[in-house]
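Participant: could you look at this predicted model? Sequence included:
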Amino acid sequence: MNELHSRYSSEGLVILGVPCNQFGHQENCKNDEILRALKYVRPGNGFEPKFPLLEKPVFYPQLNAARSCDSSNMAGQEDPVQREIHQDWANREYIEVITSSIKKIADFLNSFDMSCRSRLATLNEKLTALERRIEYIEARVTKGETLT
């Protein structure tokens with residue numbers, strides 16, 4: 001991420017570090033411990049992010065509040081089947097939000113990648129034209145022609 005930030009931040013790419021502990025316990029330390037954990041544990045080796053690092057967001061309560069199923073009228077009334085359906089609904093909401101976010105990131109990276117490819121192609125064309133011009137000039141000089 002540091003390398004991407006270094007290479008492309010001048011082109012408008014913004015890298016944001018979003019630590020999270022709610023999908024597989026990837027970041028189980030407190031917000032004020034995250035930088036030390038990155039530096040000494042994972043990835044370790046003195047790593048320090050050169051991009052903004054946000055505080056850990058709390059996804060589940062926000063998703064739970066946003067879902068269309070009103071869980072307040074279910075409190076204390078759920079049998080095991082209802083509980084399973086309720087949990088499946090919450091998981092589906094997670095998956096939809098995460099899938100949407102990943103798609104947006106992928107679309108951005110795709111467009112960024114295409115932009116870079118286009119610029120590299122243009123640069124390559126210019127370099128090829130310069131190489132041909134240099135070869136032409138070298139051939140004329142070798143023949144003893146005067147360049148004007």
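Facilitator: That came through fine.
Participant: switch to C-alpha atoms for all contacts and neighbour counts from now on
Facilitator: Noted.
Participant: where in the protein is pLDDT low?
Facilitator: Scanning the chain for pLDDT under 70 picks out the ranges 22-25, 58-95, 109-110, 112-117, 148.
Participant: and the helices in the chain?
Facilitator: 2-8, 34-40, 59-66, 80-142 (DSSP state H).
Participant: what count of nearby residues applies to the closest residue to Leu53 other than its chain neighbours?
Facilitator: Excluding the flanking residues, the one nearest Leu53 by CA to CA, 6 or more residues apart in numbering is Gly17, at 4.4 Å. The number of residues packed near Gly17 is 15, by other CA atoms under 10 Å.
Participant: ok, Gly17 to Glu138 distance?
Facilitator: Counting by CA to CA, to the nearest Å, the gap between Gly17 and Glu138 amounts to 52 Å.
Participant: Gly44 contacts Leu35, correct?
Facilitator: No: counting by CA atoms under 8 Å, Gly44 sits too far from Leu35 to count as a contact (10.2 Å).
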